[in-house]
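Peer 1: Sharing a sequence plus its predicted fold:
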There are 2 protein chains.
Amino acid sequence: MFSFQELSTVFAERFGNRHFPTQPASLYDPAGYFLGLGGKRIRPLLCLMGNELFGPIEEDAWQMATAIELFHNFTLIHDDIMDKAPLRRGQKTVHERYGISTAILSGDVMMVVGYEYISRVQSPHIRRILHLFNQTAMQVCEGQQLDMDFESREQVTMDEYLHMIELKTSVLLAASLQIGCMLGGAGLNNQQTLYRLGRNLGLAFQIQDDYLDCYGDAAKFGKQVGGDIVAGKKTFLLVKTLELATAAQRAEIRRLQQAPAAEKIGGMLQLYHACGVDVWVKQLKEQYRTAAYQSLDDVAVVSSRKDALRQLIDYLLQREF
Amino acid sequence: MFSFQELSTVFAERFGNRHFPTQPASLYDPAGYFLGLGGKRIRPLLCLMGNELFGPIEEDAWQMATAIELFHNFTLIHDDIMDKAPLRRGQKTVHERYGISTAILSGDVMMVVGYEYISRVQSPHIRRILHLFNQTAMQVCEGQQLDMDFESREQVTMDEYLHMIELKTSVLLAASLQIGCMLGGAGLNNQQTLYRLGRNLGLAFQIQDDYLDCYGDAAKFGKQVGGDIVAGKKTFLLVKTLELATAAQRAEIRRLQQAPAAEKIGGMLQLYHACGVDVWVKQLKEQYRTAAYQSLDDVAVVSSRKDALRQLIDYLLQREF
């Protein structure tokens, strides 16, 4: 069996091969450029590990891992257009470098190439896998739409926000695990347990991400602390604070929206603390993190087979708090 | 067997059913709005007729017909963004009505829902069908990218232009027929013959479209004559004229680019005539039209089974010349 690190290396090598025809270069070079920006490749690793919990990794699982990572990158290219993001991993986004039209189209074609990998799946479960993949892809689109909708709404409940994050982030992690374990031969109970694991992992990770943006060590974290606050982005912290804030605190939030960046960050952090949201958010992450490990315990295979997946969860969720 | 008109009515009724969940309405209403604008639904009809040439229409063919029409509409939504088109069938385009971000996303989700219909295909050929569908979808993206690339190039050869139109328009018609006839049980020879038919039909139709934009009866055609000329759009006529033009005629074309609309239309039509392109383009259409009927003749089934498909070709290619 592969360790997390080994599998990560092997997948990166396979995924580094060319996925697109050479011509027209004006379409496929931008797609290749974006994949070249790298990434943690978490979703395909979950697919492969889901498989390996139950048996040797099937060729089908490699196809699905690739399809999933291509789908994920397609969503990033299109999300970057919608979010007007100039940079991704320190490099220009596709629309910034090649224009919006080419970014739309190279995202589209990347999704299609993802489906082309699915067409190579030999498993008799191909219809169920395609269905789960499609259902998940629809949910990811729904999550992105809700995220945009929420940006222009003053108040969003925590339930609504959690649901949005689940759609936008968690379901793809969950489906990656489920597809992998289906291909490995898991029964329905184990499939559902691993789907839950992915869901909790995704939520814990996103909560941690929001926390680190406020309280992370800038040097270790690799980006400026308070970026979400400056951008006025809805996060777990802001949504919860808006739920708890008094009328006076709400007025202060509105005032801070117009304030200079440094004052805005300082002021919002004070408010988070005053509302107890800095403590609450750590507890919330802990809750989903614990649930993820619990699901891992619940998978009905011998514990030693779970090492790689445990390492991956450790890696994702034990970032510096 | 269905006539062209009957099948058209039956498909329109089935396709009129809802394809999307209700929530989030901000994502799915724009997708439903666009489908509500209507269309000739040629591609799904080709799929169904391809099936019916060889046997009763299979449930799988209805699924694929729906998938193909959803895919086609997804490309239209995204193309409209890239072309900055304000109107489609006299109504606002999705990006014009709902914004670019929602147009990108509702197009994305429409493509995914198309693949969801494919996941319902029960045929043992599902992998081959998915592969052909994906290959075609990639080609359609390539065609759109080449179309955009060509707009900013001064000279495009007729071979390049034909190849672009083939990718952008013909291959989806061809694949629709092939997928349909595969599901009807056609052998490889008949599949290839019908693919050729679709390719020729698509080219003839596009050539006719370009012709009618210049020489059509405005009242019958339903839009202003010379629209492509005013927009400076590359068409079969312009590309051929640029190939044939003398240096003096080239200079005249450059001068006309800056001229008022009426002068531009009049001037370009004179040039088309001077270069013999008005006659050439009719012959070119006739050549592909004849090839399409020839392919229909070549399909190895009794002639009476071909009536519906013959009616469809008649309908598409015998528009007022």
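Peer 2: All right, it came through fine. Numbers count the residues shown, from 1 in each chain, chains lettered A, B, ... in the order given.
Peer 1: separation between the residue in chain A sticking out farthest from the centre and chain B?
Peer 2: Largest separation from the mean C-alpha position in chain A: A:A248, at 35.2 Å (C-alpha atoms, centre = their mean). Distance of A:A248 to chain B, given as C-beta to the nearest C-beta, to the nearest Å: 33 Å. All C-beta spots, glycine's among them, are computed from the backbone N, C-alpha and C.
Peer 1: Repeat that for A:R14.
Peer 2: Look at A:R14 and chain B: by C-beta to the nearest C-beta, they are 20 Å apart.
Peer 1: ok, that residue - contacts?
Peer 2: By C-beta atoms under 8 Å, 6 or more residues apart in numbering or on different chains, the residues touching A:R14 are A:62, A:66.
Peer 1: How far does the host helix or strand of it sit from its chain's centre?
Peer 2: Using DSSP states H and E, A:R14 sits within helix A:4-15. Here helix A:4-15 is found 19 Å from its chain centre; the criterion is C-alpha atoms, centre = their mean, to the nearest Å.
Peer 1: circling back to that earlier point, convert the C-alpha atoms of the helix or strand encompassing the residue farthest from the centre of chain A to PDB, please.
Peer 2: The secondary structure element spanning A:A248 is helix A:247-257 (assigned by DSSP H and E). Taking C-alpha atoms only, helix A:247-257 is exported to PDB below (Å, rounded to 0.1, in the frame of the first residue of the first chain):
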ATOM      1  CA  ALA A 247     -27.500  46.600  16.900                       C
ATOM      2  CA  ALA A 248     -24.500  48.700  17.900                       C
ATOM      3  CA  GLN A 249     -22.100  46.000  16.700                       C
ATOM      4  CA  ARG A 250     -23.900  45.800  13.400                       C
ATOM      5  CA  ALA A 251     -23.600  49.500  13.000                       C
ATOM      6  CA  GLU A 252     -19.900  49.200  13.700                       C
ATOM      7  CA  ILE A 253     -19.600  46.500  11.100                       C
ATOM      8  CA  ARG A 254     -21.200  48.800   8.500                       C
ATOM      9  CA  ARG A 255     -18.900  51.600   9.500                       C
ATOM     10  CA  LEU A 256     -15.900  49.400   9.200                       C
ATOM     11  CA  GLN A 257     -16.900  48.400   5.700                       C
END
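Peer 1: contacting residues for A:M268?
Peer 2: Counting by C-beta under 8 Å, 6+ apart, A:M268 makes contact with A:226, A:229, A:238, A:241, A:253, A:256.
Peer 1: let's see 7 Å
Peer 2: Residues in contact with A:M268, defined by C-beta atoms under 7 Å, 6 or more residues apart in numbering or on different chains, are A:229, A:256.
Peer 1: re earlier: show me the contacts for the residue farthest from the centre of chain A.
Peer 2: Going by C-beta under 7 Å, 6+ apart, A:A248 touches no other residue.
Peer 1: pLDDT at it, what is it?
Peer 2: A:A248 carries a pLDDT score of 97 in this model.
Peer 1: A:D80 now?
Peer 2: On the pLDDT scale, A:D80 gets 97.
Peer 1: since we're on it, how many residues are nearby?
Peer 2: Counted by other C-beta atoms under 10 Å in any protein chain shown, the residues lying close to A:D80 total 21.
Peer 1: Test my guess that it contacts A:K92.
Peer 2: No. The pair A:D80 / A:K92 is not scored as a contact, 9.8 Å apart, by C-beta atoms under 7 Å.
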